[in-house]
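[1] quick one, fold the following:
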Amino acid sequence: LRGLVDVAVIGADRIAANGDTANKIGSLPVALACADAGIPFIVAAPCTTIDPATPSGAEIPIEERPSEEILAWNGVPTVPENAAAFNPAFDVTPARLVTALITETGTWEIAAGATPPRGP
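    You can find the predicted model right below:
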């Protein structure tokens, strides 16, 4: 990355008890790129985002957007007939890729094994 990036900071829509995070689609690739480049990947979110009743990201419900959003442009199909698409609005970043979680009450080194606080 030619030294142009020191850290990536994103938000989260939900954080599971183990530190897995759900955020808008595209967050996971950023976390993977950071891991590959040795750059810290930080999640900054309010404590209310932490869901202690959800053990891991596998249990976070992911909203699915209509497949037509990516199968057509302006109502005109852009793919072969009978093509299907999966169009999630969020992806889940595993805790092992989250360097730290920052909330209004503190910072936790998630990738080092710390777990997020149990809510506000």
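
[2] tally up the residues packed near the nearest residue to R96 once chain neighbours are set aside, please.
    Nearest non-adjacent residue to R96, counting by Cβ to Cβ, 6 or more residues apart in numbering: A111, 5.7 Å away. C-beta coordinates here come from the backbone N, C-alpha and C atoms, glycine included. Other residues within reach of A111, judged by other Cβ atoms under 10 Å, total 18.

[3] my read: A111 touches V98, true?
    Yes - with contacts defined as Cβ atoms under 8 Å, A111 counts as touching V98 at a distance of 5.8 Å.

[4] give the residue farthest from the middle of the chain.
    With distances taken from the mean C-alpha point of the chain and given as Cα atoms, centre = their mean, the most distant residue is E81, at 32.1 Å.

[5] and the gap between that residue and E59?
    Counting by Cβ to Cβ, to the nearest Å, the gap from E81 to E59 is 36 Å.

[6] what of R118?
    16 Å.

[7] T78 now?
    T78 sits 34 Å away from E59, going by Cβ to Cβ.

[8] which one's more surrounded, those two?
    Comparing T78 with E59 by other Cβ under 10 Å, the one with more neighbours is E59, at 13 against 10.

[9] which phi and psi does the more buried one have?
    Per-residue torsions, E59: phi -100, psi 0 (degrees, to the nearest 10).

[10] so it sits against N18, correct?
    No - assessed by Cβ under 8 Å, E59 is found out of contact with N18, at 10.0 Å.

[11] pLDDT score for P116?
    On pLDDT, P116 comes in at 84.

[12] surely it is in contact with I110?
    Yes - between P116 and I110 there is a contact at 7.2 Å, judged by Cβ under 8 Å.

[13] common neighbours of those two, please.
    19, 101 (Cβ atoms under 8 Å, 6 or more residues apart in numbering).

[14] partner residues bridging L101?
    L101 forms beta bridges with V43, W108, as assigned by DSSP bridges.

[15] ok, it - contacts?
    15, 19, 21, 42-45, 107-108, 110, 116.

[16] then D20?
    Residues near D20 by Cβ under 8 Å, 6+ apart: 56-58, 60, 92-95.

[17] go again using 7 Å as the cut-off
    56-57, 92-95 (Cβ atoms under 7 Å, 6 or more residues apart in numbering).
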